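> build me a model from this:
(4 chains)
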Number of protein chains: 2
Amino acid sequence: MTNKKIRNMEEFATVSGLSRPTVSKYFNDPGSVRASTRQRIEAALEAHEYRPNIYAMNQNRKLTKTIGIVVPLLTDPYFAEIARNLEQRCIAAGYRPTLFSSHGDPALEVEVLDTLRSLKPAGVLLAPLGRASDHIALEKFCGDVPTLIFDSSVGEMGLSFVGSDNFQFTRHITDYLCRTGEPPCFFEMKTPANPNAHRRRQSYLNAMEAFGHAPNVISIEGEGWGFEEIGRLGGHQALEQGLFSTNTVLCSNDRLAIGLLTACCEKKVTVGRGPDTSIRIAGQDGHPHSRYTCPPLTTISHDYDAVSETAVEALFAVIDGAVSAWKSTRLEGRLILRDSA
Amino acid sequence: MTNKKIRNMEEFATVSGLSRPTVSKYFNDPGSVRASTRQRIEAALEAHEYRPNIYAMNQNRKLTKTIGIVVPLLTDPYFAEIARNLEQRCIAAGYRPTLFSSHGDPALEVEVLDTLRSLKPAGVLLAPLGRASDHIALEKFCGDVPTLIFDSSVGEMGLSFVGSDNFQFTRHITDYLCRTGEPPCFFEMKTPANPNAHRRRQSYLNAMEAFGHAPNVISIEGEGWGFEEIGRLGGHQALEQGLFSTNTVLCSNDRLAIGLLTACCEKKVTVGRGPDTSIRIAGQDGHPHSRYTCPPLTTISHDYDAVSETAVEALFAVIDGAVSAWKSTRLEGRLILRDSA
DNA sequence: CAAAATAATTTACGCGCGTAAATTTTTGAT
DNA sequence: ATCAAAAATTTACGCGCGTAAATTATTTTG
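Sure thing, here's the model as predicted:
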């Protein structure tokens, strides 16, 4: 330990026997000083416990080491999980991730971007709200800050887009359902918050046509981000009105499926693929919770690691000076077979 | 809009027809300048789109407007929900909340606190990891930064503690279970991450004694924060070995209960309070997901709003100069009756 | 209406660090 | 060993703003 406190980099440089700018260079990139110099600094660091003032560091610097991560709703474990994944990759790469949630509110999303702008981040990983987003504001932000869009694309915005291949998702799981039983109905929100939902509906229609089955889309009412409750209420309606024309339901996403499962439970409708069950239910997303529904939910899962890695690498490449045209990367999902379908 | 960009507060003051320090005063507290002055600034603000440099603002200031919020695991919807609640209260009070997750890792918790320290926050709302936390590091941090501990208390640390009354929680729901059927067994982790678990076990033992029933605590193996999986595996074991001495199980928390429900589902054990069910299961926490289990989970819920408000108000009071002795505030929970028990 | 009290504003200085340019040291090729 | 090239280090300056102290404007009081 130390006897006297180090107040600033000047004092720390003195106790290290170096000049302040050399120490400054070390903190910006420890590899940029000679090994002997680095050792002296690190020895002093252990003896004196000093950390540079973040604010002073960043004020006179065009580009900080901060990476902004923005998700639409952090209370959704799917986004929490992918945010965690991104966060750890940023830390591993020597950046300081800062996490923001739009809380499902377009106005808040704009506020978050404003806050982020004044943070002068090296880059931003942004999952937009989608349909409800203020596209003008997003576009403008992307012009100011290197921004990579993930999860949900809204036009050709930012550096690039990285997400999942929703067409492949729905085609794949629809295939599975058709091959293993009655063809699925499609259970979705009438006005989905997320543009991915439209792709999934279209892909369902395509897949059903390819199989020569008549599609049946059940579009339920409901606004906002409380998907489970929307799915539960819509599920009750659909069950009461007999809207499901087959014994198989493919939900637009796992959270809707979770709500539908609850509705089935409340209506004593048995779910599963066994002989003694009356309905098969599948979801899409590989939601962290899907393993723990009753019955466990068959779903097609995002490749969390691949999406995160691709997104982060693409952003880092641009930060490190690479220039490349906007492109969209859509990664395939993995079918997860469980008991619900 | 504007024609020329404003680069700093000096330039902005010029176009406002004021001196820079007056403008600075406005940004620190709009109410501290004369109404006529405020109007001139706000008019200029609309015409010229200027935002003070955050880093320059904070570097020469002992106390920023930042509030740190730290939770053990943001992928747990319970913490995500309470973090969201705290975040919005901070914003409403004019602070800039910054969210951190320890991701269940004590080393990361310490790193987060170090990061936070260099952020010079006005205050911190900290939910510690609990048992695994580096208590020395926490104590030291609390000495440096005004820190309010919530959710899980670890000694008399920080300014105060705000959380739930775990004794009331378990007493209340145990009472309910005893009055409406067979007395409950208690399902918990042998080495819980969170100190609240010990209080709940003790409260269960007390309540059972008060009722004159023999307690039965089932302590399952498992480390870490994957409670659902731990509950599921432990549930399978307990069911196979017939460890539940009655038809009623009170789980130490909702996430364990969710895992146990999954185990029951996989073992075709019917859960509920009806005549045709074989086991009653209840949880504790009022986890956001508990509404959507099959059957929906009977639980005793944290008063999210009250905990958040009490925590935030206590912290703000200290920030605003109030001095008061350390105290522990534990709020009562609300029983939520659903179909599982 | 003048003087005192109070609030608003300005002057003047420094915070802790980044960074271009100048200088010194080290490295590598002869 | 010698000298040029490259790397490391130091010098010197400025960033954008907070804030105490000094000044000026406004309000209150007699």
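
> what's near enough to touch A:Glu209?
Residues in contact with A:Glu209, defined by C-beta atoms under 8 Å, 6 or more residues apart in numbering or on different chains, are A:Pro215. All C-beta spots, glycine's among them, are computed from the backbone N, C-alpha and C.

> ok, it to B:Cys251 distance?
47 Å (C-beta to C-beta, to the nearest Å).

> is it true that A:Ser152 touches A:Pro192?
No - A:Ser152 is beyond contact range of A:Pro192, at 10.3 Å (criterion: C-beta atoms under 8 Å).

> where does the stretch 101-250 of chain A have low pLDDT?
Within the stretch 101-250 of chain A, not a single segment meets pLDDT under 70.

> get me the contact residues on it for chain B.
A:101, A:103, A:114-115, A:117-120, A:228-229, A:232 (C-beta under 8 Å from any C-beta of the partner chain).

> top of those residues by neighbour count?
When neighbours are taken as other C-beta atoms under 10 Å in any protein chain shown, the top entry among these is A:Ser101 (27 neighbours).

> who's in contact with A:Leu148?
A:123-126, A:158-162, A:311, A:314-315, A:318.

> now for the residues you listed, which pair is the farthest apart?
With C-beta to C-beta as the measure, no two of the contacts of A:Leu148 lie farther apart than A:Gly123 and A:Phe161, at 14.4 Å.

> between A:Ser152 and A:Pro192, what contacts are shared?
By C-beta under 8 Å, 6+ apart, the residues touching both A:Ser152 and A:Pro192 are A:Gly130.

> show me which residues of the stretch 201-341 of chain A are close to DNA strand C?
Among all residues of the stretch 201-341 of chain A, none is adjacent to DNA strand C (criterion: C-beta under 7 Å from any atom of the strand).

> which single residue in the stretch 201-341 of chain A comes nearest to DNA strand C?
Nearest to DNA strand C, among the residues of the stretch 201-341 of chain A, is A:Ile319, at 14.0 Å (C-beta to the nearest atom of the strand).

> so which of the residues of the stretch 101-250 of chain A next to chain B are in helices?
A:114-115, A:117-118, A:228-229, A:232 (DSSP state H).

> what strand or helix carries A:Glu11?
Using DSSP states H and E, A:Glu11 sits in helix A:9-16.

> do that helix and DNA strand C come into contact?
Yes - Helix A:9-16 is in contact with DNA strand C by C-beta under 7 Å from any atom of the strand, via A:9-10.

> show me how far that helix is from its chain's centre.
Here helix A:9-16 is found 43 Å from its chain centre; the criterion is C-alpha atoms, centre = their mean, to the nearest Å.

> buried set for that helix?
A:9, A:12-13, A:15-16 (16 or more other C-beta atoms under 10 Å in any protein chain shown).

> how about stretch A:154-166?
By 16+ other C-beta under 10 Å, the buried positions in stretch A:154-166 come out as A:154, A:157-166.

> what's the local residue count around A:Tyr54?
Rather than Tyr, residue A:54 is Ile. By other C-beta under 10 Å, 20 other residues sit near A:Ile54.

> any idea how far B:Phe227 is from the closest residue to it other than its chain neighbours?
Counting by C-beta to C-beta, 6 or more residues apart in numbering or on different chains, B:Ser118 is the residue found nearest to A:Ile54 once chain neighbours are left out, at 5.0 Å. Taking C-beta to C-beta as the measure, B:Ser118 falls 33 Å from B:Phe227.

> quickly list the domain ranges of chain A.
A:9-52, A:66-163+A:305-331, A:166-301 (automatic domain parsing).

> out of these, which is closest to DNA strand D?
domain A:9-52 (2.9 Å).

> endpoints of that closest one, how far apart?
One end of domain A:9-52 sits 7 Å from the other (C-alpha to C-alpha, to the nearest Å).

> going along the chain, name the strands of the stretch 151-300 of chain A.
Under the criterion DSSP state E, counting those that start in this stretch, the stretch 151-300 of chain A contains strands at A:161-164, A:185-189, A:217-220, A:248-251, A:280-282, A:299-301.

> with distance to B:Ala214 added, can I get those in JSON lines?
Listed next are the strands of the stretch 151-300 of chain A as JSON lines, based on distance: least, C-beta to C-beta, whole Å:
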{"stretch": "strand A:161-164", "distance to B:Ala214": "53"}
{"stretch": "strand A:185-189", "distance to B:Ala214": "47"}
{"stretch": "strand A:217-220", "distance to B:Ala214": "49"}
{"stretch": "strand A:248-251", "distance to B:Ala214": "45"}
{"stretch": "strand A:280-282", "distance to B:Ala214": "41"}
{"stretch": "strand A:299-301", "distance to B:Ala214": "43"}
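
> can you check which of those gets nearest to B:Phe27?
Among the strands of the stretch 151-300 of chain A, strand A:161-164 sits nearest to B:Phe27 (C-beta to C-beta), with 36.4 Å.

> quick one: strands adjacent to the closest one?
The pairing partners recorded for strand A:161-164 under DSSP bridges are strand A:147-150 (parallel), strand A:328-331 (parallel).

> only alpha carbons, please: show the first one as PDB.
What follows is the C-alpha trace of strand A:147-150 in PDB, where atoms were taken according to Å, rounded to 0.1, in the frame of the first residue of the first chain:
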ATOM      1  CA  THR A 147     -23.500   2.600 -35.300                       C
ATOM      2  CA  LEU A 148     -24.100  -1.000 -36.000                       C
ATOM      3  CA  ILE A 149     -27.700  -2.100 -36.100                       C
ATOM      4  CA  PHE A 150     -28.500  -5.500 -34.800                       C
END
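
> A:Arg131 contacts A:His198, correct?
No - if you go by C-beta under 8 Å, A:Arg131 and A:His198 don't touch, sitting 9.1 Å apart.

> now do the shared contacts for these two.
Common neighbours of A:Arg131 and A:His198 (criterion: C-beta under 8 Å, 6+ apart): A:Pro192.

> thinking again about what came up before, widest-spaced pair of the buried residues of helix A:9-16?
Within the buried residues of helix A:9-16, A:Met9 and A:Val15 form the most distant pair, 10.9 Å apart (C-beta to C-beta).

> could you pull out the helices for chain A?
Using DSSP H, helices in chain A cover A:9-16, A:20-28, A:35-48, A:54-59, A:77-92, A:106-118, A:135-144, A:166-180, A:196-211, A:227-240, A:254-266, A:304-319.

> between the ones in helices among the residues of the stretch 101-250 of chain A next to chain B, which is nearest B:Gly181?
Distances from B:Gly181 to these, taken by C-beta to C-beta, are shortest for A:Arg232, at 26.5 Å.

> look at the nearest residue to that closest one once chain neighbours are set aside and say how many residues are nearby.
Leaving aside its sequence neighbours, A:Arg232 sits nearest to A:Gly259 (C-beta to C-beta, 6+ apart; 3.8 Å). A:Gly259 is flanked by 27 other residues according to other C-beta under 10 Å.

> measure A:Gly259 to A:His289 for me?
Taking C-beta to C-beta, one finds A:Gly259 at 12 Å from A:His289.

> A:Glu332 too?
Where A:His289 is concerned, A:Glu332 sits at a distance of 22 Å (C-beta to C-beta).
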